[in-house]
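*Asks:* need coordinates for the below:
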Amino acid sequence: MNQYLSSDSLKSLAKGQLLGKYGTVVGATLLHVLCIFPLGRAISFIIDTNTLPGIFAYTIANFLFGLFAGYFLAGLTYMHLKIACSQTPYVKDLFCFFKGDSSKILYIQAVRSAIWLLCPLPSQIVGYYVNLSMADIDYATLTIENFPVSAPLYLLYIVLSVLGVAAGLYFRFLLLFPVFYLMLDFPEYTAPQLLKMSIQLMKGNKARKLYLSLSFVPLYLLSFFSCGIALLWVRPYKNVTNANFYLDLIKKKNQGL
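*Replies:* The predicted structure is shown next:
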């Protein structure tokens, strides 16, 4: 019986495949950051999230931003999949989906962004009322007895925050993890079909994917000591490993494992 490759094997594959190609992928990663980071930061600075209209405006703005970012995400996915398939990547691959029919990317990214933004929205709304009740606090006289936020409301905020983050991560990075890879491999499929196939492909594999993702946490933590510069190398390494994870999944599926 064929067995799935271990996390160590997938990482080892990625290391070998990236040899001689780091210059291209690091350049593309840096260009990707330069293209989307300023816009993302501008949304955070411009929109005041201390009001309910601001919270909803921030959600809508980030949804639209997510649609724009989807083109770059599809391009990076294409580049990393090419590397995992022993093909030559190019920086221009980052922009390859800005031309031609983009309806499939928009549909897929709309679903991913909506899930990512709607999951934490309830906690953000409850958090607004928590902050509102604490706006006029005299902290010099604050005690447990006169604490303005009721325990149930604050507990609800904490629970919703944890559930929102967990749900967003589960849907976006586990259930829908392979959807852009599938879009590249099966161009004849519609966007709804690709989303459904993504969920089916991840059945029984979500724990493996979670373990693989968590195994990169130490590298991400070490990257902080380089002021984030090392992420330009860590992220391609992680993404090519993910591409190999996908290829292993689809290969075993085709073999009937």
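*Asks:* from what I see, residue 235 and residue 30 are in contact.
*Replies:* No - between residue 235 and residue 30 no contact is recorded; they are 10.2 Å apart, counting by CB atoms under 8 Å. To be clear about C-beta, it is placed using only N, CA and C from the backbone, and glycine gets the same treatment.
*Asks:* mind checking which of these two has more residues around it?
*Replies:* A count of neighbours by other CB atoms under 10 Å puts residue 235 above the other of residue 235 and residue 30, at 21 against 13.
*Asks:* can you show me the CA trace of the helix or strand containing that one as CSV?
*Replies:* Assigned by DSSP states H and E, residue 235 belongs to helix 231-254. Below are the C-alpha coordinates for helix 231-254, written out as CSV (Å, rounded to 0.1, in the frame of the first residue of the first chain):
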residue,chain,number,x,y,z
LEU,A,231,10.8,35.3,6.1
LEU,A,232,11.8,36.0,2.5
TRP,A,233,13.5,32.6,2.6
VAL,A,234,11.2,30.8,5.1
ARG,A,235,8.0,31.6,3.2
PRO,A,236,9.1,30.1,-0.1
TYR,A,237,10.4,27.0,1.7
LYS,A,238,7.1,26.6,3.4
ASN,A,239,5.1,27.2,0.2
VAL,A,240,7.1,24.8,-1.9
THR,A,241,6.7,22.2,0.9
ASN,A,242,2.9,22.9,0.7
ALA,A,243,3.0,22.3,-3.0
ASN,A,244,4.7,19.0,-2.5
PHE,A,245,2.0,18.1,0.1
TYR,A,246,-0.6,18.9,-2.5
LEU,A,247,1.1,16.8,-5.2
ASP,A,248,1.4,13.9,-2.7
LEU,A,249,-2.3,14.2,-1.9
ILE,A,250,-3.5,14.2,-5.5
LYS,A,251,-1.1,11.4,-6.5
LYS,A,252,-2.4,9.1,-3.8
LYS,A,253,-6.0,10.1,-4.7
ASN,A,254,-5.4,9.1,-8.3
